[in-house]
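Peer 1: A predicted structure for the sequence below; I have some questions about it.
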Amino acid sequence: MAEKINPYKDSNQSKKVQVTKMFDTISKEYDGLNRVISFGIDVKWREKVVKMIANHKPENILDIATGTGDLAINLVSTNAKDITGLDISDGMLEVGRQKIKAKNLDNIISMVIGDSEDLPFNDNTFDAITVSFGVRNFENLEKGLAEILRVLKPNGIFVILETSVPTNPIYKFGYKVYSKFILPTIGKLFSKDRVAYKYLSESASVFPYGKALNNILSKIGFINVEHKPQTMGVATIYSASKA
């Protein structure tokens, strides 16, 4: 089970409430900082996710923790007729709505505020579901994954893109230095919320990855569970399906 790390440790609010507040606060600067922090490599990772989804030729897609809609917008190239981006932060969704409007994609992508652990959809609704850098923010990981399994159609595909820790000792040391010291420093320089990027690095360091997350997915009921480390293991793409 993932260790729970809350953004604002002195708060009596739940992680869910705190994460919502955090992303609302950093929503307008999130895209720019994301590119800086990842050196733009996250764009390539998302392209791989899109290719995996496209191979299944989905009619409809749900992108959970869609944030400002980067992945949802990329998923248009799969030729899906309907893409739903869901997020708990209306601040992030509003930035996404403006991006979608500017690209004239309103007829394909809809942005919905909602809780990943209580999805407002019927059973067996979506051909494909994605989560990009969002599962580690779930307050209850297993509950959120169970909800995803519920709304995924049989034979549908589920793909996660999430940060992970390299297994190579040299890369692992470099990753820890970067995530513990450099990433929070960049956040302090450019973000209104100094706590946010410290939380993002801390939550990534304790979140189950690789085989550990595979085991959780299998426990929930997913089948064909696989994972593929990216860029020396600093991120991992997981795929699974529903019987």
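Peer 2: That came through fine.
Peer 1: mind checking pLDDT for residue 178?
Peer 2: On pLDDT, residue 178 comes in at 78.
Peer 1: surely it is within a strand?
Peer 2: No. Under DSSP: H, G, I helix; E, B strand; the rest coil, residue 178 sits outside any strand and is assigned helix.
Peer 1: what about it, distance to residue 33?
Peer 2: 15 Å (CB to CB, to the nearest Å). The way it works is simple: take the backbone N, C-alpha and C, and place the C-beta from them, glycine included.
Peer 1: host element of residue 52?
Peer 2: Following DSSP states H and E, one finds residue 52 within helix 41-54.
Peer 1: how about residues contacting that helix?
Peer 2: With CB atoms under 8 Å, 6 or more residues apart in numbering as the contact definition, helix 41-54 has outside contacts at 34-35, 61, 70-71, 74-75, 77-79, 128, 130, 132-133, 157, 159, 161, 230-231, 235, 237, 239.
Peer 1: just the buried residues from the residues you listed, in ChimeraX please.
Peer 2: Command for ChimeraX that selects the buried part of these, burial taken from 16 or more other CB atoms under 10 Å:
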select :34,61,70,71,74,75,78,128,130,132,133,157,159,161,230,235,237,239
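Peer 1: which of the contacts of helix 41-54 fall within helices?
Peer 2: Among the contacts of helix 41-54, the ones falling in helices (DSSP state H) are 34-35, 70-71, 74.
Peer 1: and those residues, which is closest to residue 213?
Peer 2: Using CB to CB, residue 71 comes nearest to residue 213 of those, at 18.5 Å.
Peer 1: list the contacts of that closest one.
Peer 2: 46, 49-50, 63, 130, 132, 161.
Peer 1: do residue 133 as well
Peer 2: Counting by CB under 8 Å, 6+ apart, residue 133 touches 42, 65, 67, 161-163.
Peer 1: go on, residue 132?
Peer 2: With contacts defined as CB under 8 Å, 6+ apart, residue 132 is in contact with 46, 49, 63, 65-67, 70-71, 160-162.
Peer 1: again, only using 10 Å
Peer 2: Residues near residue 132 by CB atoms under 10 Å, 6 or more residues apart in numbering: 42, 45-46, 49, 63-67, 70-72, 74, 159-162, 235, 237.
Peer 1: if we can go back for a sec, next, the buried residues of the helix holding residue 52.
Peer 2: 42, 45-46, 49-50, 52-53.
Peer 1: picking that back up, between residue 178 and residue 33, who's got more neighbours?
Peer 2: The neighbour comparison of residue 178 against residue 33 (other CB atoms under 10 Å) goes to residue 33, with 19 against 14.
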